[in-house]
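J.: Predicted model and sequence below, questions to follow.
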Amino acid sequence: MSEKLDIIEKKIEGILNALRITTQVIADLHINNTSKKQNICYFCNTPGHWIQKCPEIPTEFQEYCIRCWRRGHFSKKCKYKGKMPVSPWMNEQEYQLFLEKCLKNESQQ
């Protein structure tokens with residue numbers, strides 16, 4: 001009887017160890033995925049800075065909503081539903097080049 005209990009105890013220990021390892025792996029994956037997503041600029045799709053410090057946005061426009069380019073709110077609360085307007089400091093050609101660069105940045109992540 002004692003031998004059977006020892007075998008069962010060892011199996012339970014093995015299962016618990018496997019669960020601990022699995023839990024740690026899942027936690028590590030979550031931390032890695034979260035930290036990667038948190039540090040990508042929503043404007044230029046480049047990692048390493050937040051939108052408020054985006055080098056693509058001139059300082060005088062960093063307090064503007066990036067969906068409608070108006071002051072008083074940020075994109076999270078923006079009600080604008082149309083096509084994203086050209087950034088006020090760019091002409092149409094510069095804007096198209098910028099969009100291509102953003103798509104390239106996004107595909108490299």
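T.: Yes, it's here. Numbers count the residues shown, from 1 in each chain.

J.: which stretches of the protein have low pLDDT?
T.: Filtered on pLDDT under 70, the chain yields the residue ranges 1, 16, 18, 28, 30-38, 109.

J.: let's see it at 80
T.: 1-2, 5, 10-39, 105-109 (pLDDT under 80).

J.: Could you chop it up by domain?
T.: According to automatic domain parsing, the chain comprises the domains 1-38, 41-109.

J.: Could I get these in a markdown table, plus columns for mean neighbour count?
T.: Any C-beta I mention is one placed from the backbone N, CA and C, and that applies to glycine too. Output for those, formatted as a markdown table (neighbours: other Cβ atoms under 10 Å):
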| stretch | mean neighbour count |
| --- | --- |
| domain 1-38 | 10 |
| domain 41-109 | 13 |
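
J.: could you pull out the helices for the protein?
T.: Remark: helices assigned in the chain by DSSP state H are 2-38, 92-107.

J.: Tell me which of those helices sits nearest to Lys83.
T.: Minimum separation from Lys83 across the helices of the chain (Cβ to Cβ) falls at helix 92-107, 11.5 Å.

J.: Show me what the closest one is in contact with.
T.: With contact meaning Cβ atoms under 8 Å, 6 or more residues apart in numbering, helix 92-107 is reached by 44-46, 56, 86-87, 90.

J.: what do you get for stretch 71-86?
T.: 42, 63-69, 92, 95.

J.: show me what contacts Cys54?
T.: Taking Cβ under 8 Å, 6+ apart, we find Cys54 in contact with 41, 43-44, 46, 62.

J.: ok, the contacts of stretch 71-86 vs Leu19, which is closest?
T.: The nearest member of the contacts of stretch 71-86 to Leu19, counting by Cβ to Cβ, is Tyr42 at 37.2 Å.
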